[in-house]
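Visitor: mind folding the following:
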Amino acid sequence: MGGILPEDGRRRITQEEEDQIWSWNDRLPPTPDQTITQVFSAQVARSHDAPAVDAPDGTLTYAQLDTYSTRLALHLRSILNDISPDEIVPICFDKSTWLIVCMMAVSKAGMAYTTLDPGNPAERLNACLSTITPRVMLVEETFSGMFSSDAGMKILGNVPEICNVNDVSGKKTEVVDLPVGLPSHLAYAFAASVVTTLKTLCNGGLLVLPPEKERMGGIANFITRKGITRTFLTPTLLNLLKPEEVACLQFLTVGGEAVPQRLIDIWAPRLSLVEAIGMTEGVGIANMIDTSGKKCRARQFMTGCAWIVDQDDADTLAPIGVTGELLFEGPALFQGYRNNPEANAKAFIQKPPKWAKQRKEGRLRALFRTGDLAKYVEDGVVQIVGRADTRVKLHGQRFELGEVEKSMLDCLPLDVTVAAEIVEPAGGNGPMLVAFIHGLSADFSHEAKQLRARLAATVPDYMVPRGIVDLKDRPLNPSGKLDRKILRQRAAEMPLMELVKHINSSDKVAPVTSQEKTMSRLWAKVLGLPVEFIGLNDDFFYLGADSLHCIKLIAEARREQVGLSIEDILQHRSLQAMSGAAAFGVQIQSTKPEIEDRTYAIDAIAPDVAPESVEDVALATDWQAWCIAQGLLKSHGWHDYMMFKFPKALDIEKLRNACQQLIDRHGLLRTMFVVKARQTFQVIMKSKAYPFSFTVKQSSDGQNVDEVVKETIQQDIKRRTQLGDPLVNFTLVQGTTENTHQLILRISHAQYDALSLNKLWRSLEALYFAKPLEVVPFTKFCSEASLASKASEFFWKEALANTSMSEVIPHTHPSVDYPINRAVKTSVPLVDLKASGYTSATTVLASWSVVLSKLTGHDSVVFGYIISGRHLPMANIADVLGPCMNILPLPIDIASTSQTSSLLNSVQSNYLKSLQHGHLGHYRIIESCTSWPRWTRFSTVVNHLGFEMSDVEPPFSELGGCEFSVYEPEHDKADLWLQTSACGDDLEIELRYSAEAFSEDWVKAVLDYFVSVYQQLPTVLESQLSETLPQFSVAAPQDSLINAPQPIKESSKSPPGNSSDLEKMVLSAWDSVLGSDFRSHPGFTYLTPFYEIWGNGIAAAALACEYSKKGFPMSSEEMLRYPSIAETIAKLSSWT
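Guide: Next up, the predicted model:
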């Protein structure tokens, strides 16, 4: 079906295609001959005592639901006269049994209902009511105060009393061995929830309503605990789950948002998957997806017929495979928008289009314009492509193209034609806003510059076109309208310089001096722009720079012998100003001699290790020391398990050899860690000296491979370990049929970070297929980072002077007993303030500083934030396999920032300055640059990811790819851990905490406040902080929820008289771990805890290792329980 291609280049539908489309839409589904209440009543007769609803407040059988809803329906009929089907009864309840009772009752009473979300502000809810003027409303008593009855509306808030029920909300009816459940995770103001409810109850299913706290953060646990077999989820919610977490699910419907193919590929092979389109306004399309992820017409079910017409002309059907506007026809279509004739006129085509009159004029009467762009694919399946309206999103900002066009016309003569479109030009650096203008004077460039200047003064920066095209002609479509598709095609084929040439002289003053030309070239390289595009007056951040670009610019400048600092970039943002601030011709001294001179003698560091077994020795980073310390606690934190799930069996011997070579090639993977005199070392063993471990496990008959993997990991976590033990271990689990393999790689976070995962995958893949592999030693990074941090102590001393750690819970000793084991999550639109010069990291950090200030009641706050560490100016740093990351303190004084923009400036300045000194370890910063206790840890940590791991292609594509996941054992790494990541146009937010330390409601309140601050930033930049910040009444817990260990009785602190040998052993251990000068610590006594001398978390593991060598198997936890010399001797004495 090639179609007809006329002179305008647009394919016309052929008669064969039109016949095919009509055959697909040959008949409408029959008009239902039963009401919902009739279908439900019949189901009640069949399922009288079967469970119908399982909600947080109780359960109902079908008989109970029928009885209570009938009583309420009769009551409604008794208080209302002249009931008609147009009568609407609002319902405002939390998810509960009574919500479902009310919905069924209103239907039984012969009226319609609308559900209102009580989580919305009262003002918005009352505004909704004003559009329908109801006579009666059903409200949960808790929310009745949100509504006014002044307009004659009767508010019924005593529904249980009306139904004469005592047991539903009191003693819960227990239901066991439920064969099926369909939970509604969506708010009941969402149409899909109503559809899900009615579909379930009319088919005899069990409707399960999760509590709010489980809907927000524990969906997988809830589904598994309840044995749910069917559910409806939005893609956003589905993204939070993994198939193995909800193995009980058999049928899954996904809708409410566009469903990415990635989700389809993950879930389609695991269960029966349905993609739902519409589910509002009576439009319903359900695509049954087969296990390969494909859809077909025979498995597509619709509540009507779908017609796709030309985007510009509803009287013309679109050819098969061509995108057009989706129209819908059917008996279930809604009657229209209440009291909104203007919206109804736009939404409905009342007269049959030309293509309908030619075929079956009598059938097609009203067609609903869905506003969706769609096309027929494959054998007639309807595929949604996008939206037909002109609301667009560019650089995180949503706006109407019509607003841009109106603003342009306000500045131009009357006879000028304009259009605005989002275009991605050839060879450009992403999408941009382009204006098309027809009818300007001969001096188009001058007029274009004037237009841009006027727009810059009247509309936001993101609505000012970056490109302006002089239209010599106006391409029109058959209906006589400007053909926007042709405009976009033309612009997309134009080089960037052609699009911007009309605004490139007054706005783009060319660099003159050699310094300006050099800086222009550096900007172009870093930002990926043509050098001609950059003018003297351009703003670095306006051109799209973020914090990473700043660091890259500094590194590129360094290579060109240009001295440039973060302060230079922040304070001199234009090309001309930055060129004047930079120092040109700076001689950058080589660091190689210093690297080569740095050597450590293994016999002095670890005399137990044979020198001939050692390949290299280097100082470990503080991040590595932290990870090793966490891994040596009983929780085994940061000792992670990577799982490679292969769709088919591998050659086991090839895989074993690949794993062996992976260890051989990457020295960090055969590294052991030792401690000597308050320093942590990584000792890289020679390949032959490192104990390579590769185990093959076979699942028994009937045993799921996933279960074997889980059991293997849980058993491994229970192992006893000590400092110096091998870290890396491989286990291959085979299925009983040997058709599936799962490889488990145990690895410490001291040996990798998120940005090196891809390197790890590709290394294993290359070695399995015998491909070449390049390796950049991690020790090279360590040396470069150490040199880069040499002058950093002065910076941190100045930055952290007169500060203290902002604690949400007070600590008097190191905390290890409260693992982070819970999280609350949400997703919000990404706030993009690049046009104002602020990075995405800045917006997150600034929002958290406000939250922390409110929690602690202090204007000055300090918290930790994670950096990747890969901004170091080192060749091939992207190819380093290892943890280049660090955790840094960020001090913010909110009191000194009167405006929101001042706060953002302060945060960004502190953040970018600290990046230059970001390779000094956090333990060293705390110990050497602050007056804090040496064992201080970050109470709250922010980890903002500016990248998406989903963008990385999984390894082993030659074998059909493999699923990859990481299991991180729960451990006590902070009081609160805020994880944020940019995911498309959204910011995914996860606030992690320990359930033993905080209540979920409190943490959720903190997350909600963070979101409100974050989302408010774009609208309050020039407003006073004190006037614009949302109210927040939930303070941090004032009394510690974390119980300190019970102090040892004074009498037990004195060692027994015959403990001289133990005393010598303990002193020897302290001498080895803490250095021979530990006695010189101010105020030292035998009761001084070791962590007051050296606050590094690895000290406990190192001391425990020393005692274990002498026959006393102490753990890190015990060292923290008995931290002084006296307490340790007393403890050891109890064993002798």
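
Visitor: got the contact list for the residue nearest to Asn203 when sequence neighbours are not counted?
Guide: Of all residues not flanking Asn203 in the chain, Gln43 sits nearest, at 7.2 Å (CB to CB, 6 or more residues apart in numbering). The C-beta positions use only the backbone N, C-alpha and C, and glycine is treated the same way. Remark: with contacts taken as CB atoms under 8 Å, 6 or more residues apart in numbering, Gln43 is in contact with Tyr62, Leu201, Cys202, Asn203, Gly204.

Visitor: give me the pLDDT for the fourth one.
Guide: Per-residue confidence (pLDDT) for Asn203: 88.

Visitor: would you mind measuring from it to Val106?
Guide: 21 Å (CB to CB, to the nearest Å).

Visitor: could you do the second one as well?
Guide: Computed as CB to CB, the Leu201 to Val106 distance reads 14 Å.

Visitor: also the third one?
Guide: Distance from Cys202 to Val106, counting by CB to CB: 16 Å.

Visitor: in terms of neighbours, single out the busier of the two.
Guide: Taking neighbours as other CB atoms under 10 Å, Cys202 and Val106 compare with Val106 leading, 25 against 16.

Visitor: quick one: terminal-to-terminal distance for stretch 18-38?
Guide: 40 Å (CA to CA, to the nearest Å).

Visitor: may I see the buried residues of that stretch?
Guide: Neighbour-count burial for stretch 18-38 flags Glu18, Gln20, Ile21, Trp22, Trp24, Asn25, Leu28, Thr37 (criterion: 16 or more other CB atoms under 10 Å).

Visitor: so the fifth one touches Arg297, yeah?
Guide: Spelled out, that is Trp24. Yes: with contact defined as CB atoms under 8 Å, Trp24 reaches Arg297; the gap is 6.9 Å.

Visitor: between the two, what contacts are shared?
Guide: Gly380.

Visitor: what's the weakest-modelled helix or strand in this protein?
Guide: Comparing helices and strands within the chain by mean pLDDT, DSSP states H and E singles out helix 592-597 as the least confident, with a mean of 38.

Visitor: dump the residue contacts of the spatially most central residue of the chain.
Guide: Closest to where the C-alpha atoms of the chain average out (CA atoms, centre = their mean) is Glu988, at 2.7 Å. Contacts for Glu988 were tallied using CB under 8 Å, 6+ apart; they are Lys825, Ser827, Thr980, Ser981, Ala982.

Visitor: how about Ser1124, nearest residue that isn't a chain neighbour?
Guide: The nearest residue in space to Ser1124 (CB to CB, 6+ apart) is Leu1087, at 4.8 Å.

Visitor: how does the protein divide into domains?
Guide: Split into domains by automatic domain parsing, the chain comes to 66-173, 391-503, 514-584, 596-751, 804-1028, 1050-1133.

Visitor: show me where pLDDT drops low in the stretch 651-800 of the chain?
Guide: Applying pLDDT under 70 to the stretch 651-800 of the chain flags residues 737-738.

Visitor: circling back to that earlier point, name the nearest of the buried residues of stretch 18-38 relative to Val941.
Guide: Sorting these by distance to Val941 puts Thr37 at the head of the list, at 54.3 Å, by CB to CB.

Visitor: next, format the contacts of Gln43 as TSV and append secondary structure.
Guide: Formatted as TSV, the contacts of Gln43 follow (DSSP: H, G, I helix; E, B strand; the rest coil):
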residue	secondary structure
Tyr62	helix
Leu201	helix
Cys202	helix
Asn203	coil
Gly204	coil
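
Visitor: got a quick PyMOL command for the buried subset of those residues?
Guide: Burial among these is assessed by 16+ other CB under 10 Å; the matching PyMOL selection reads:
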select buried, resi 62+201+202
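
Visitor: re earlier: sort out for me which of the contacts of Glu988 are in strands.
Guide: Counting by DSSP state E, these place Lys825, Ser827, Thr980, Ser981, Ala982 in strands.

Visitor: most neighbours among the residues you listed, please name it.
Guide: The most neighbours of any of these, using other CB under 10 Å, belong to Thr980, which has 26 neighbours.

Visitor: for that one, what are its contacts?
Guide: Neighbour list for Thr980: Val844, Val942, Asn943, His944, Leu945, Leu987, Glu988, Ile989, Glu990 [criterion: CB under 8 Å, 6+ apart].

Visitor: make it 10 Å
Guide: By CB atoms under 10 Å, 6 or more residues apart in numbering, the residues touching Thr980 are 828, 830, 840-841, 843-845, 847-848, 942-946, 987-991, 1010, 1014.

Visitor: how about it: what's its closest non-neighbour residue?
Guide: His944 (4.8 Å).

Visitor: give me the element that neighbour is part of.
Guide: For His944, the host element (DSSP states H and E) is strand 940-945.

Visitor: which element follows that strand toward the C-terminus?
Guide: strand 963-967.

Visitor: surely Leu333 is within a strand?
Guide: No: residue state for Leu333 (three-state DSSP) corresponds to coil; a strand is not indicated.

Visitor: still on that earlier bit, in CSV, list the domains of the chain along with distance to Asp290.
Guide: As requested, these are arranged in CSV below (distance: least, CB to CB, whole Å):
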stretch, distance to Asp290
domain 66-173, 33
domain 391-503, 33
domain 514-584, 41
domain 596-751, 16
domain 804-1028, 17
domain 1050-1133, 51
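
Visitor: can you tell me which of the ones you listed the model trusts least?
Guide: domain 391-503 (a mean of 75).

Visitor: find the residue ranges of the stretch 251-400 of the chain scoring beneath the pLDDT cut-off.
Guide: Using pLDDT under 70, the stretch 251-400 of the chain drops low at 256-258, 260, 262, 278-283, 298, 359-365, 378, 385-400.

Visitor: can you show me the strands along it?
Guide: Counting by DSSP state E, counting those that start in this stretch, the stretch 251-400 of the chain has strands at residues 251-255, 272-280, 283-289, 295-302, 305-310, 313-317, 324-329, 348-349, 367-377, 381-387, 391-394, 397-400.

Visitor: partner strands of the shortest one, parallel or antiparallel?
Guide: According to DSSP bridges, strand 348-349 has the following sheet partners: strand 367-377 (antiparallel).

Visitor: the partner strand: which residues count as buried?
Guide: Within strand 367-377, the residues scored as buried using 16+ other CB under 10 Å are Leu367, Phe368, Arg369, Thr370, Asp372, Leu373, Ala374, Lys375, Tyr376.
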